[in-house]
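**Q** I would like to see how this sequence folds:
(one chain, ligands or ions: 1)
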Amino acid sequence: MTTKKKLIAGNWKMNGSLAANEALVKALLQGVGTPACEVAVCVPAPYLAQLQSLLSGSPIALGAQDLSAQPQGAFTGEQSAAMLKDFGVRFAIVGHSERRQYHGETDEGVAAKTAAALANGITPIVCVGETLAEREAGHTAEVVKRQLAAVIHVNGHCISEIVVAYEPVWAIGTGKTATPELAQSVHALLRAQLHHAADEHAAGIRILYGGSMNAANAAELLAQPDIDGGLIGGASLKAPDFLQIIAAAR
Ligand code: 13P
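**A** Residues are numbered from 1 along each chain as shown. Got it, this is the predicted structure:
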């Protein structure tokens, strides 16, 4: 059990428009007050400038959904950590399962992106999680430990600066949430692994849960001792739902 502030981060994925973003953020800012937790929204790259302006001076931090491991140069379509920093980005999701699945991201690549974020003062939200096949084969612990080990290997003691997100792939966008007990058991494994790598700093590392977290199940998940926040997809696009999740994180 730790006393750090929880983090509620929305992952908008590839959703939004100038008009929809403005309406969503206005509703969030109207309802958010002074939250007990940290709050961030991770938005599509083309909207960073818009969101930087909309969120300026507000309690909601700006996040990105990915970044390049490279500092600059001939990498068509990529965004560097320094570019994100130019727009006031504080968090960047790294190694989301959708990027691992559709863009061939490897554990090593995710570790390199984590290093690039840390080198530029951006907090990486490093995602780990097993597929349904891996869970059914009894490989959950092995998979999430392997994914996190690669990040620890490259980043050493700097991992005390990261955020980890456990997102079981079978729970993402499916409406199938991990039970609080099941999620807690994986979070405890990850905490032990972090403890091994970062000693006493491990207790301060936030481990978020993600995968069909919503207004109805958030409080119970967030009550688990090693669940330090949430990474929310679908429910982060609806202001009343996201606000309820924020309110549940204390
Ligand atoms: P859902 O909340 O839509 O299941 O998405 C979770 C997720 O992938 C957040 O990164």
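**Q** And stretch 5-25, what's buried?
**A** Judged by neighbour count (16 or more other C-beta atoms under 10 Å), stretch 5-25 contains these buried residues: 6-13, 16, 21, 24-25. No exception for glycine: its C-beta is placed from N, CA and C like everyone else's.
**Q** That should have said stretch 128-138, apologies.
**A** Those would be 128-131, 134-135, for stretch 128-138 by 16+ other C-beta under 10 Å.
**Q** got the contact list for it?
**A** With contact meaning C-beta atoms under 8 Å, 6 or more residues apart in numbering, stretch 128-138 is reached by 95, 97, 139-140, 143-144, 147-148, 164-170, 172, 190, 210-211.
**Q** what about that stretch, near the ligand?
**A** No. Using C-beta under 6 Å from any ligand atom, we find that stretch 128-138 stays clear of the ligand, coming within 8.9 Å at best.
**Q** Against residue 31, how distant is residue 247?
**A** 9 Å (C-beta to C-beta, to the nearest Å).
**Q** the more surrounded of these two?
**A** Neighbours per residue, other C-beta atoms under 10 Å: of residue 247 and residue 31, the larger number sits with residue 247, 18 against 15.
**Q** dump the residue contacts of the more buried one.
**A** Here residue 247 is in contact with residue 35 (criterion: C-beta under 8 Å, 6+ apart).
**Q** Need phi/psi at it.
**A** The phi and psi torsions at residue 247 (degrees, to the nearest 10) take the values phi -70, psi -30.
**Q** Distance-wise, check it relative to residue 237.
**A** In terms of C-beta to C-beta, residue 247 sits 17 Å off from residue 237.
**Q** Just give the number of residues close to residue 182.
**A** Residue 182 has 15 neighbouring residues, counting by other C-beta under 10 Å.
**Q** now it: how far from the ligand?
**A** 15 Å (C-beta to the nearest ligand atom, to the nearest Å).
**Q** Likewise for residue 243?
**A** From residue 243 to the ligand the distance is 15 Å (C-beta to the nearest ligand atom).
**Q** so how far is the one helix or strand that residue maps to off the chain centroid?
**A** Element membership for residue 243 (DSSP states H and E) is helix 239-248. Mean-position distance between helix 239-248 and its chain equals 17 Å (C-alpha atoms, centre = their mean, to the nearest Å).
**Q** Now it: average pLDDT?
**A** The predicted model assigns helix 239-248 a mean pLDDT of 98.
**Q** buried stuff in that helix?
**A** 239, 241-248.
**Q** and if you look at stretch 166-186?
**A** 166-172, 177-178, 180, 183-184, 186.
**Q** so of these, which ones are in strands?
**A** Cross-referencing the buried residues of stretch 166-186 against strands under DSSP state E gives residue 166.
**Q** Please identify which of the buried residues of stretch 166-186 is nearest to residue 155.
**A** Residue 155 lies nearest to residue 166 out of those, by C-beta to C-beta, at 17.9 Å.
**Q** Isn't that closest one up against residue 207?
**A** Yes. Using C-beta atoms under 8 Å, residue 166 makes contact with residue 207 at a distance of 6.3 Å.
**Q** Quickly list what's touching both of the two.
**A** 187, 190.
**Q** can you name the farthest residue from the center of this protein?
**A** Most distant from the centre of the chain: residue 74, at 27.7 Å, with distances by C-alpha atoms, centre = their mean.
**Q** Around the ligand, pick out the residues from the chain.
**A** By C-beta under 6 Å from any ligand atom, the part of the chain that sits against the ligand consists of 11, 96, 167, 172-173, 210-213, 231-235.
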